[in-house]
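Colleague: this is a predicted model, with the sequence first.
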Amino acid sequence: MNRSENLTISQIGALLADHGHEVAELESGVLRVRDLETGVTFQAALEGSVLYMSVNLVAVPSQKVTAEVMRKMLSADSGITTSSFQLVSAGDGKTAITLHNFCTLQNMGPEDQDDILSLAGYLMADLIEARELLEPMVQPVAC
């Protein structure tokens, strides 16, 4: 049996809670995680041995997502070093801009624990860069 089959979202939630996050399970395999220091909320989902973390940055009128905005988001010098952007239809003519990151886990040993905490930290660092990058280009509307 592969040791990664024993991984649970509850283990990940407990680790994050022990390191300064408020954690709530939304549905099987999905957590809502709030960083208590910054107040930023993101989602964590476990599929097999892969942990995904996502954060909603902003929802904007779809016409605001221009070629210029896309070039800046995808530029190698954007400051977003580990995460990737995704555009999601938010309905009512709006597009949500989100950041995503992931890591592969093995057995919840010290290396995996470090990877999980690093993943959350990288997502928060990229969030700050992304907001600074997007702020002058788009006027946000309620997400």
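Modeller: Structure's in. What do you need?

Colleague: bridging residues for residue 104?
Modeller: Residue 104 forms beta bridges with residue 50, as assigned by DSSP bridges.

Colleague: which secondary structure element of the protein has the lowest mean pLDDT?
Modeller: Sorting the helices and strands of the chain by mean pLDDT, DSSP states H and E puts helix 67-74 at the bottom, at a mean of 88.

Colleague: who does the very next helix or strand once past it touch, helix- and strand-wise?
Modeller: Downstream of helix 67-74, the first helix or strand assigned by DSSP states H and E is strand 84-91. Judged by 3 or more CB pairs under 8 Å, 6 or more residues apart in numbering; DSSP states H and E, strand 84-91 is in contact with strand 94-104. Any C-beta I mention is one placed from the backbone N, CA and C, and that applies to glycine too.

Colleague: got the buried residues for the least confident helix or strand of the chain?
Modeller: By neighbour count with 16 or more other CB atoms under 10 Å, helix 67-74 contains the buried residues 69, 73.
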